[in-house]
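A.B. asks: from the sequence below, what's the structure:
(chains A, B, C and D)
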Number of protein chains: 4
Amino acid sequence: MAIPGVSEIRVRVNYSETDQMGVVYHARYLVWLDIARTDHLRLSGMSYSELEASGFRLAVSEVAIRYRQPARYDDPIRVRCWVRDLASRRVVFGYAVEHDDDGRLLATAFTSLLALDRSMSPTRLPEPVRQGLRVVPDPVKLHFTSEGSRSPNHAG
Amino acid sequence: MAIPGVSEIRVRVNYSETDQMGVVYHARYLVWLDIARTDHLRLSGMSYSELEASGFRLAVSEVAIRYRQPARYDDPIRVRCWVRDLASRRVVFGYAVEHDDDGRLLATAFTSLLALDRSMSPTRLPEPVRQGLRVVPDPVKLHFTSEGSRSPNHAG
Amino acid sequence: MAIPGVSEIRVRVNYSETDQMGVVYHARYLVWLDIARTDHLRLSGMSYSELEASGFRLAVSEVAIRYRQPARYDDPIRVRCWVRDLASRRVVFGYAVEHDDDGRLLATAFTSLLALDRSMSPTRLPEPVRQGLRVVPDPVKLHFTSEGSRSPNHAG
Amino acid sequence: MAIPGVSEIRVRVNYSETDQMGVVYHARYLVWLDIARTDHLRLSGMSYSELEASGFRLAVSEVAIRYRQPARYDDPIRVRCWVRDLASRRVVFGYAVEHDDDGRLLATAFTSLLALDRSMSPTRLPEPVRQGLRVVPDPVKLHFTSEGSRSPNHAG
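C.D. replies: Numbering: from 1, shown residues only, chains lettered A, B, ... in the order given. Predicted coordinates for the structure are as follows:
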């Protein structure tokens, strides 16, 4: 981790991720975010695979993503990931998706995850998970708008 | 449209959409939202396919989705879609994803779309598109939090 | 079923299924085949969902698909499905993927499925499943070549 | 390439690739095959991205895949890829999908690709592509059956 608490993964855009607009289909970014936070957990000493085997699940309860510039076929992509917030039953990850050659910021995102037990009921995050994770300031501005920037005087 | 300005589509969860948690993988919902807004455009007199053929694109610039209850394999799903906001170059759609048998609210979402021309530069929404779309009040509360509900006093 | 033993489903190509060649990405057809055979089972009196709940799985053990003409965004697609072969632990489905407006044959395929028990070991197909399924002659020629039509005298 | 003419890529199974059977959904393997052959082309001196920019496409015309053992979440996967056959307008790739820790063979496959020009008409493979590719004997047996092993005396 170049910045303490900020992990990095690299992926290369494959053909299945493109759409007929000639760019990466927007839903595919969510898979990259998943790979990034799994790796972040691994670097923090936790295997999500083992967590799940021991009866815990981390279920995505909220995603917000802002697309700034398109990613294209064969582009090398870097996803930086960090913990934005940590509560007893919830962890919020932040993400910066960047072009790995020139560093252009392609997208920013956060995902909120809820700890669930075997019966899919909310539960406390296991103590080793809480201990292993470290909340850090956002290395990039995320600039999300509450409620989708609905205009105050929209013509409803 | 049962409520004026609110369209509905129905999909059935297929096996490819599930994950090993036994529920629908969170990224798949974005495809349902895409199908819903395409249908909303069609009902409003526009074919996205023809729009694109005429040189326009509607590119997703922001997505926020809140998952409330899991969708499962073979569930019948209803997605309601409406226009939340409309500006010269941008349209914001709102969505309610519901179980089609019992009406349970599974997820709420909005997506912001930007009009682009052939060269992928922002442009004004074509006038017929603007005329055809009608902003309506949210039929359900979306309850998104700005910036991912980062705690004000988080332990950074 | 217009032809006895041959079921039909209809899907419309959505944007997520296209790639930058402007056609449907080849792997997406496998999801349509899955939806088609699930529906075929349902019409034959079996719910795959209930089968799985009762401890059986039908795992795909082989797929062969031949692409003849591309499917495109927003195309209405019809998939016809039938049982080609039935053995004690195995069922082979055949498929014809067609454009639903003009009937053009877009792809032909077969998938071989193996019955597994809860521990993922091969088992006999449940008797009601065997009774409900009926092998029929192929309504279209599939024309697959064994071993990928490797030339007999290729320059190895 | 450990064996001349046989390339290797490595991927790790991510959560989006699993299904509720707890294994990798069968259609996802086709994406790995795509990544493998793109890399094979790259190692043979061709960038598919540049090929496409110069007006050529390689369209998948046939896929056959045999699943032998399931791949699971977080498994390290190795895909070996080679050219099985080469004709004026067509190239057939073979694949072995293996668990990268213990070498177990998970799946074997071949895909036939057809060269298309800008108007999506069949054309000759560009000479540099033909020169760069080298047909090699299968390093593993593929064991596909023509026409889906339809029983000769099936009860049609």
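A.B. asks: what does chain A put close to chain D?
C.D. replies: A:14-16, A:30-31, A:34-35, A:38, A:47-49, A:52, A:73-74 (CB under 8 Å from any CB of the partner chain). Yep, even glycine has a C-beta here, placed from its N, CA and C like the rest.
A.B. asks: what subset of those is also close to chain B?
C.D. replies: A:30, A:31, A:34, A:52.
A.B. asks: just the buried ones from the residues of chain A next to chain D?
C.D. replies: A:14-16, A:30-31, A:34-35, A:38, A:48-49, A:52, A:73-74 (16 or more other CB atoms under 10 Å in any protein chain shown).
A.B. asks: mind putting these in TSV, pLDDT included?
C.D. replies: Listed next are those as TSV, based on pLDDT from 0 to 100:
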residue	pLDDT
A:14	98
A:15	98
A:16	98
A:30	98
A:31	98
A:34	98
A:35	98
A:38	97
A:48	94
A:49	93
A:52	92
A:73	97
A:74	96
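A.B. asks: all helices for chain A, in order.
C.D. replies: A:29-43, A:48-53, A:127-132 (DSSP state H).
A.B. asks: now do the same contact list for the residue most central in space within chain A.
C.D. replies: Residue closest to the average C-alpha location in chain A (CA atoms, centre = their mean): residue A:33, at 3.9 Å. Applying CB atoms under 8 Å, 6 or more residues apart in numbering or on different chains to residue A:33 gives the contacts A:63, A:65, A:79, A:81, A:93, A:95, A:97, A:109, A:111.
A.B. asks: return the distance of the residue nearest to residue A:42 when sequence neighbours are not counted relative to residue C:40.
C.D. replies: Closest residue to residue A:42 apart from its sequence neighbours, by CB to CB, 6 or more residues apart in numbering or on different chains: residue A:48 at 7.6 Å. Distance, residue A:48 to residue C:40, using CB to CB, to the nearest Å: 36 Å.
A.B. asks: and what of residue A:116?
C.D. replies: 35 Å.
A.B. asks: ok so, going back, per-residue pLDDT, the residue nearest to the centre of chain A?
C.D. replies: pLDDT, residue A:33: 98.
A.B. asks: now stretch A:18-29: how far from the chain's centre is it?
C.D. replies: 18 Å (CA atoms, centre = their mean, to the nearest Å).
A.B. asks: also stretch A:129-140?
C.D. replies: Worked out by CA atoms, centre = their mean, stretch A:129-140 lies 13 Å from the chain centre.
A.B. asks: contact partners of that stretch?
C.D. replies: By CB under 8 Å, 6+ apart, stretch A:129-140 touches A:3-6, A:41, A:44-46, A:51, A:56, A:80, A:82-86, A:91, A:94, A:96, A:105, A:108, B:154-156.
A.B. asks: can I get the buried ones among the residues you listed as something I can paste into PyMOL?
C.D. replies: In PyMOL, this line selects whichever of the contacts of stretch A:129-140 come out buried by 16+ other CB under 10 Å:
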select buried, chain A and resi 5+6+41+44+46+51+56+80+82+83+84+85+86+91+94+96+108
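A.B. asks: ok, back up a step: want to throw the helices of chain A into TSV with distance to residue B:120?
C.D. replies: Formatted as TSV, the helices of chain A follow (distance: least, CB to CB, whole Å):
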stretch	distance to residue B:120
helix A:29-43	17
helix A:48-53	36
helix A:127-132	42
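A.B. asks: out of those, which gets nearest to residue B:122?
C.D. replies: helix A:29-43 (20.2 Å; CB to CB).
A.B. asks: using CSV, list the CA coordinates for that closest one.
C.D. replies: Output of helix A:29-43 as CSV, limited to C-alpha atoms (Å, rounded to 0.1, in the frame of the first residue of the first chain):
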residue,chain,number,x,y,z
TYR,A,29,-17.3,-1.6,-12.3
LEU,A,30,-19.1,-3.1,-9.4
VAL,A,31,-17.3,-6.4,-9.9
TRP,A,32,-13.9,-4.5,-9.8
LEU,A,33,-15.0,-2.9,-6.5
ASP,A,34,-15.8,-6.3,-5.1
ILE,A,35,-12.4,-7.7,-6.2
ALA,A,36,-10.7,-4.6,-4.6
ARG,A,37,-12.4,-4.8,-1.2
THR,A,38,-11.8,-8.6,-1.1
ASP,A,39,-8.1,-7.9,-1.6
HIS,A,40,-8.2,-5.1,0.9
LEU,A,41,-9.6,-7.6,3.5
ARG,A,42,-6.9,-10.0,2.5
LEU,A,43,-4.1,-7.4,3.0
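A.B. asks: could you give the angle of it to helix B:29-43?
C.D. replies: Here helix A:29-43 runs at an angle of 170 degrees relative to helix B:29-43 (axes from the mean of the first three to the mean of the last three CA atoms, to 10 degrees).
A.B. asks: pretty sure residue A:51 is touching residue A:42, no?
C.D. replies: No: using CB atoms under 8 Å, residue A:51 is not in contact with residue A:42, being 10.7 Å away.
A.B. asks: coming back round to it: residue A:69: which of the helices of chain A is closest?
C.D. replies: Closest among the helices of chain A, using CB to CB: helix A:29-43, at 12.2 Å.
A.B. asks: that older thread, would you turn the buried ones among the residues of chain A next to chain D into a markdown table with distance to residue D:127?
C.D. replies: Supplementary listing: those in a markdown table, determined by distance: CB to CB, whole Å:
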| residue | distance to residue D:127 |
| --- | --- |
| A:14 | 27 |
| A:15 | 24 |
| A:16 | 29 |
| A:30 | 42 |
| A:31 | 38 |
| A:34 | 42 |
| A:35 | 39 |
| A:38 | 44 |
| A:48 | 48 |
| A:49 | 47 |
| A:52 | 51 |
| A:73 | 24 |
| A:74 | 23 |
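A.B. asks: so which of these is the closest to residue A:141?
C.D. replies: Looking across these and measuring by CB to CB, the closest to residue A:141 is residue A:30, at 20.6 Å.
A.B. asks: and the ones next to chain B among the residues of chain A next to chain D, which two are the farthest apart?
C.D. replies: A:30 and A:52 (18.7 Å).
A.B. asks: low-confidence ranges in chain A?
C.D. replies: Along chain A, segments meeting pLDDT under 70 span A:1, A:145-156.
A.B. asks: chain neighbours aside, what residue packs nearest to residue A:133?
C.D. replies: That would be residue A:83: by CB to CB, 6+ apart, it lies 4.9 Å from residue A:133.
A.B. asks: what bridges to that neighbour?
C.D. replies: residue A:93, residue A:135 (DSSP bridges).
A.B. asks: verify the contact between it and residue A:7 for me.
C.D. replies: No: using CB under 8 Å, residue A:83 makes no contact with residue A:7, being 9.8 Å away.
A.B. asks: got the contact list for residue A:40?
C.D. replies: Contacts of residue A:40 (CB under 8 Å, 6+ apart): A:7, A:81, A:82, A:83, A:93.
A.B. asks: again, 6 Å this time
C.D. replies: A:7, A:81 (CB atoms under 6 Å, 6 or more residues apart in numbering or on different chains).
A.B. asks: look up how far residue A:115 lies from it.
C.D. replies: Taken as CB to CB, the span from residue A:40 to residue A:115 is 16 Å.
A.B. asks: for residue A:94, same thing?
C.D. replies: Applying CB to CB to residue A:94 and residue A:115 gives a distance of 18 Å.
A.B. asks: need the nearest residue in space to residue A:19, chain neighbours excluded.
C.D. replies: Residue A:19's closest residue in space is residue A:25 (CB to CB, 6+ apart), at 4.2 Å.
A.B. asks: tally of neighbours for the one you found?
C.D. replies: 24 (other CB atoms under 10 Å in any protein chain shown).
A.B. asks: correct me if wrong: it contacts residue A:14.
C.D. replies: No: Residue A:25 is beyond contact range of residue A:14, at 11.7 Å (criterion: CB atoms under 6 Å).
A.B. asks: now do the shared contacts for those two.
C.D. replies: With CB under 6 Å, 6+ apart, residue A:25 and residue A:14 have no common neighbours.
A.B. asks: leaving out the residues flanking it, which one is nearest to residue A:79?
C.D. replies: Per CB to CB, 6+ apart, closest to residue A:79 is residue A:36, 4.2 Å.
A.B. asks: next one: residue A:54
C.D. replies: Closest to residue A:54 by CB to CB, 6+ apart is residue A:126, at 7.8 Å.
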